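K.L.:
need a structure here:
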Amino acid sequence: MIRIFDTHAHYDDNAFADDRTKLLTGFPAQNICAVTNIGTNLETSRMTARLTEQYDYVYGTVGVYPTEVDVFETTDTMEQLKLLVKEHKRVVAIGEIGLDYHYDNPNKPLQQKWFAAQMELARELNVPVSVHSRDAAQDTLQVMRTVKANEIGGVVHCYSYSKETARDFLDMNFYFGIGGVVTYKNAKKLVEAVRYIPMSNIVLETDSPYLSPIRGLRNTSLNLPLVAEKIAEIKSISVQDVYDITWENAHKLYRISEK
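P.N.:
Below is the predicted model:
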(Lines give C-alpha, C1' and ligand atoms only; values in the text may rest on other atoms or scores of the structure.)
Protein backbone atom coordinates (compact mmCIF):
# COMPACT_ATOMS: atom_id res chain seq x y z
CA MET A 1 0.00 0.00 0.00
CA ILE A 2 1.30 3.43 -0.95
CA ARG A 3 0.43 6.22 1.47
CA ILE A 4 2.21 9.53 1.00
CA PHE A 5 2.28 12.35 3.56
CA ASP A 6 3.28 15.78 2.27
CA THR A 7 4.41 17.50 5.45
CA HIS A 8 4.85 21.01 4.01
CA ALA A 9 2.78 22.64 1.27
CA HIS A 10 1.15 25.99 0.52
CA TYR A 11 -2.17 25.24 -1.16
CA ASP A 12 -3.44 28.63 0.01
CA ASP A 13 -1.10 30.15 -2.60
CA ASN A 14 -2.56 32.04 -5.56
CA ALA A 15 -0.82 29.54 -7.83
CA PHE A 16 -3.69 27.17 -6.96
CA ALA A 17 -6.51 29.70 -7.33
CA ASP A 18 -7.95 28.02 -10.44
CA ASP A 19 -7.76 24.35 -9.47
CA ARG A 20 -7.27 24.14 -5.70
CA THR A 21 -10.49 22.21 -5.03
CA LYS A 22 -9.99 19.81 -7.94
CA LEU A 23 -6.39 19.14 -6.95
CA LEU A 24 -7.00 18.59 -3.24
CA THR A 25 -10.11 16.47 -3.84
CA GLY A 26 -8.18 14.20 -6.17
CA PHE A 27 -5.20 13.56 -3.90
CA PRO A 28 -6.40 10.39 -2.11
CA ALA A 29 -6.91 8.59 -5.43
CA GLN A 30 -3.26 9.42 -6.23
CA ASN A 31 -1.95 8.01 -2.92
CA ILE A 32 -1.51 11.46 -1.38
CA CYS A 33 -3.30 10.52 1.82
CA ALA A 34 -2.26 13.41 4.08
CA VAL A 35 -1.04 16.97 3.56
CA THR A 36 0.03 19.64 6.02
CA ASN A 37 -0.67 23.13 4.75
CA ILE A 38 1.65 25.76 6.17
CA GLY A 39 0.77 29.25 7.31
CA THR A 40 3.21 32.11 6.77
CA ASN A 41 1.21 35.05 8.12
CA LEU A 42 -2.15 35.61 9.77
CA GLU A 43 -4.07 35.60 6.49
CA THR A 44 -2.57 32.36 5.18
CA SER A 45 -2.84 30.80 8.63
CA ARG A 46 -6.57 31.51 8.64
CA MET A 47 -6.97 30.04 5.17
CA THR A 48 -4.96 27.02 6.29
CA ALA A 49 -7.34 26.52 9.22
CA ARG A 50 -10.28 26.64 6.80
CA LEU A 51 -8.68 24.01 4.57
CA THR A 52 -8.31 21.67 7.55
CA GLU A 53 -12.07 21.93 8.08
CA GLN A 54 -12.84 21.21 4.43
CA TYR A 55 -10.67 18.09 3.98
CA ASP A 56 -10.19 15.44 6.64
CA TYR A 57 -6.74 14.54 5.29
CA VAL A 58 -5.45 18.12 5.42
CA TYR A 59 -3.64 19.28 8.55
CA GLY A 60 -2.27 22.75 9.13
CA THR A 61 0.26 24.94 10.84
CA VAL A 62 -0.09 28.60 11.77
CA GLY A 63 2.69 31.09 12.18
CA VAL A 64 4.54 34.08 10.79
CA TYR A 65 7.43 33.72 8.33
CA PRO A 66 10.70 35.38 9.41
CA THR A 67 10.54 38.18 6.83
CA GLU A 68 7.11 39.25 8.12
CA VAL A 69 7.66 39.23 11.89
CA ASP A 70 7.52 43.00 12.25
CA VAL A 71 3.73 42.52 12.31
CA PHE A 72 4.08 41.31 15.90
CA GLU A 73 5.35 44.72 16.99
CA THR A 74 2.01 46.46 16.38
CA THR A 75 -0.76 43.82 16.40
CA ASP A 76 -2.25 41.02 18.48
CA THR A 77 -1.15 38.43 15.91
CA MET A 78 0.26 36.12 18.59
CA GLU A 79 -3.12 35.86 20.29
CA GLN A 80 -4.80 35.24 16.95
CA LEU A 81 -2.41 32.37 16.20
CA LYS A 82 -3.14 30.89 19.61
CA LEU A 83 -6.87 30.95 18.92
CA LEU A 84 -6.43 29.21 15.57
CA VAL A 85 -4.63 26.31 17.25
CA LYS A 86 -7.22 26.06 20.01
CA GLU A 87 -10.24 26.29 17.71
CA HIS A 88 -9.15 23.94 14.89
CA LYS A 89 -8.26 20.38 15.89
CA ARG A 90 -6.23 19.64 12.76
CA VAL A 91 -4.01 22.70 13.20
CA VAL A 92 -1.11 20.73 14.59
CA ALA A 93 1.97 22.97 14.76
CA ILE A 94 3.40 26.49 14.81
CA GLY A 95 5.10 27.40 11.55
CA GLU A 96 6.53 28.40 9.27
CA ILE A 97 8.84 30.22 11.65
CA GLY A 98 12.56 30.79 11.83
CA LEU A 99 15.34 32.95 10.41
CA ASP A 100 16.00 34.12 6.85
CA TYR A 101 19.15 36.16 6.32
CA HIS A 102 18.92 36.11 2.54
CA TYR A 103 17.38 39.57 2.74
CA ASP A 104 18.26 42.46 5.06
CA ASN A 105 14.80 43.05 6.52
CA PRO A 106 13.56 42.60 9.15
CA ASN A 107 16.82 42.92 11.05
CA LYS A 108 18.41 39.85 12.61
CA PRO A 109 17.62 40.67 16.27
CA LEU A 110 13.93 41.16 15.43
CA GLN A 111 13.79 37.86 13.55
CA GLN A 112 15.47 36.10 16.46
CA LYS A 113 13.12 37.68 19.00
CA TRP A 114 9.97 36.49 17.26
CA PHE A 115 11.39 33.11 16.28
CA ALA A 116 11.97 32.46 19.97
CA ALA A 117 8.56 33.87 20.92
CA GLN A 118 6.74 31.63 18.44
CA MET A 119 8.63 28.59 19.72
CA GLU A 120 7.51 29.51 23.22
CA LEU A 121 3.95 29.71 21.92
CA ALA A 122 4.35 26.16 20.60
CA ARG A 123 5.60 25.07 24.02
CA GLU A 124 2.57 26.69 25.68
CA LEU A 125 0.19 24.94 23.28
CA ASN A 126 2.10 21.64 23.38
CA VAL A 127 2.58 21.45 19.61
CA PRO A 128 5.74 21.12 17.48
CA VAL A 129 7.27 23.74 15.20
CA SER A 130 8.06 23.93 11.49
CA VAL A 131 11.36 25.78 11.14
CA HIS A 132 12.53 27.81 8.15
CA SER A 133 16.26 28.57 8.10
CA ARG A 134 18.09 30.16 5.19
CA ASP A 135 21.66 31.46 5.36
CA ALA A 136 21.28 31.39 9.14
CA ALA A 137 22.35 27.96 10.39
CA GLN A 138 24.32 28.94 13.47
CA ASP A 139 21.91 31.61 14.68
CA THR A 140 19.00 29.22 14.12
CA LEU A 141 20.71 26.62 16.27
CA GLN A 142 21.60 29.18 18.93
CA VAL A 143 18.03 30.45 19.28
CA MET A 144 16.73 26.88 19.36
CA ARG A 145 19.21 25.90 22.05
CA THR A 146 18.33 28.97 24.10
CA VAL A 147 14.61 28.09 24.18
CA LYS A 148 15.39 24.36 24.57
CA ALA A 149 13.73 23.42 21.29
CA ASN A 150 14.51 19.77 22.01
CA GLU A 151 11.67 19.94 24.55
CA ILE A 152 9.30 21.36 21.91
CA GLY A 153 10.10 19.21 18.88
CA GLY A 154 9.48 19.76 15.22
CA VAL A 155 10.95 19.74 11.74
CA VAL A 156 13.58 21.71 9.87
CA HIS A 157 11.70 22.44 6.66
CA CYS A 158 13.49 22.19 3.31
CA TYR A 159 16.76 21.16 4.92
CA SER A 160 19.64 22.68 2.95
CA TYR A 161 22.68 22.64 5.22
CA SER A 162 25.58 20.20 5.59
CA LYS A 163 25.64 16.83 7.27
CA GLU A 164 27.73 18.39 10.05
CA THR A 165 24.95 20.89 10.78
CA ALA A 166 22.42 18.07 10.53
CA ARG A 167 24.14 16.48 13.51
CA ASP A 168 23.30 19.54 15.62
CA PHE A 169 19.61 19.38 14.69
CA LEU A 170 19.62 15.63 15.32
CA ASP A 171 20.91 16.30 18.83
CA MET A 172 17.58 18.08 19.37
CA ASN A 173 15.75 15.09 17.84
CA PHE A 174 14.27 17.23 15.06
CA TYR A 175 12.92 15.87 11.81
CA PHE A 176 14.19 16.96 8.40
CA GLY A 177 11.87 17.91 5.54
CA ILE A 178 13.27 16.63 2.25
CA GLY A 179 11.72 17.76 -1.03
CA GLY A 180 12.39 18.37 -4.70
CA VAL A 181 15.79 19.99 -4.21
CA VAL A 182 17.32 16.58 -3.42
CA THR A 183 16.69 15.57 -7.05
CA TYR A 184 18.70 18.47 -8.51
CA LYS A 185 22.04 17.68 -10.13
CA ASN A 186 23.83 20.32 -8.05
CA ALA A 187 22.44 19.07 -4.72
CA LYS A 188 25.59 17.18 -3.70
CA LYS A 189 25.71 18.69 -0.19
CA LEU A 190 22.08 17.80 0.44
CA VAL A 191 22.53 14.28 -0.91
CA GLU A 192 25.42 13.83 1.50
CA ALA A 193 23.28 15.11 4.37
CA VAL A 194 20.37 12.80 3.45
CA ARG A 195 22.79 9.87 3.35
CA TYR A 196 23.86 10.78 6.89
CA ILE A 197 20.45 11.56 8.44
CA PRO A 198 18.70 8.42 9.77
CA MET A 199 15.49 7.47 7.99
CA SER A 200 13.78 7.73 11.38
CA ASN A 201 14.21 11.53 11.14
CA ILE A 202 13.22 12.13 7.50
CA VAL A 203 9.83 13.30 6.24
CA LEU A 204 8.67 14.09 2.71
CA GLU A 205 7.64 17.59 1.70
CA THR A 206 7.05 19.65 -1.42
CA ASP A 207 6.90 23.32 -0.40
CA SER A 208 4.27 23.49 -3.16
CA PRO A 209 4.03 25.47 -5.38
CA TYR A 210 7.80 25.99 -5.02
CA LEU A 211 10.92 23.84 -5.51
CA SER A 212 9.51 21.39 -8.02
CA PRO A 213 11.64 18.38 -8.98
CA ILE A 214 10.71 19.39 -12.53
CA ARG A 215 12.28 22.82 -12.72
CA GLY A 216 10.16 25.67 -14.00
CA LEU A 217 6.84 23.99 -13.27
CA ARG A 218 4.44 24.50 -10.40
CA ASN A 219 5.10 21.95 -7.70
CA THR A 220 2.36 19.78 -6.18
CA SER A 221 2.21 16.78 -3.88
CA LEU A 222 1.88 14.58 -6.96
CA ASN A 223 5.63 15.02 -7.51
CA LEU A 224 6.58 13.34 -4.23
CA PRO A 225 7.24 9.93 -5.84
CA LEU A 226 10.23 11.56 -7.56
CA VAL A 227 11.55 12.64 -4.17
CA ALA A 228 10.89 9.25 -2.61
CA GLU A 229 12.71 7.51 -5.46
CA LYS A 230 15.77 9.71 -4.97
CA ILE A 231 15.81 9.11 -1.21
CA ALA A 232 15.50 5.36 -1.83
CA GLU A 233 18.49 5.54 -4.17
CA ILE A 234 20.57 7.51 -1.66
CA LYS A 235 19.69 5.23 1.27
CA SER A 236 19.80 1.96 -0.71
CA ILE A 237 16.31 0.95 0.38
CA SER A 238 13.06 0.37 -1.48
CA VAL A 239 10.74 3.20 -2.44
CA GLN A 240 8.01 1.41 -0.48
CA ASP A 241 10.21 1.62 2.61
CA VAL A 242 10.56 5.36 2.06
CA TYR A 243 6.79 5.74 1.84
CA ASP A 244 6.17 3.61 4.91
CA ILE A 245 8.84 5.13 7.12
CA THR A 246 8.09 8.76 6.21
CA TRP A 247 4.37 8.14 6.69
CA GLU A 248 5.01 6.93 10.22
CA ASN A 249 7.53 9.72 10.89
CA ALA A 250 5.09 12.43 9.77
CA HIS A 251 2.48 11.21 12.23
CA LYS A 252 5.05 11.20 15.03
CA LEU A 253 6.26 14.68 14.05
CA TYR A 254 2.79 16.21 14.12
CA ARG A 255 1.59 13.99 17.00
CA ILE A 256 -1.43 12.69 15.14
CA SER A 257 -2.75 9.15 15.14
CA GLU A 258 -2.62 7.06 11.98
CA LYS A 259 -5.95 6.36 10.34
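
K.L.:
helices of the stretch 101-250 of the chain, start to end?
P.N.:
Taking DSSP state H, counting those that start in this stretch, the helices of the stretch 101-250 of the chain run over residues 108-125, 137-146, 163-171, 188-196, 224-235, 239-254.

K.L.:
for the ones you listed, give me a markdown table that also has distance to residue 20, mean neighbour count and mean pLDDT.
P.N.:
All C-beta spots, glycine's among them, are computed from the backbone N, C-alpha and C. Written out in a markdown table, the entries for those read as follows (distance: least, CB to CB, whole Å; neighbours: other CB atoms under 10 Å; pLDDT from 0 to 100):
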| stretch | distance to residue 20 | mean neighbour count | mean pLDDT |
| --- | --- | --- | --- |
| helix 108-125 | 27 | 19 | 98 |
| helix 137-146 | 32 | 18 | 98 |
| helix 163-171 | 32 | 17 | 97 |
| helix 188-196 | 29 | 17 | 97 |
| helix 224-235 | 18 | 20 | 98 |
| helix 239-254 | 22 | 20 | 98 |
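
K.L.:
and these as TSV, adding distance to residue 90?
P.N.:
Putting these into TSV (distance: least, CB to CB, whole Å) gives the following:
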stretch	distance to residue 90
helix 108-125	14
helix 137-146	26
helix 163-171	26
helix 188-196	29
helix 224-235	20
helix 239-254	9
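
K.L.:
quick one: closest of these to residue 51.
P.N.:
helix 239-254 (15.0 Å; CB to CB).

K.L.:
that closest one to helix 224-235, inter-axis angle?
P.N.:
Computed with axes from the mean of the first three to the mean of the last three CA atoms, to 10 degrees, the direction of helix 239-254 lies at 100 degrees from that of helix 224-235.
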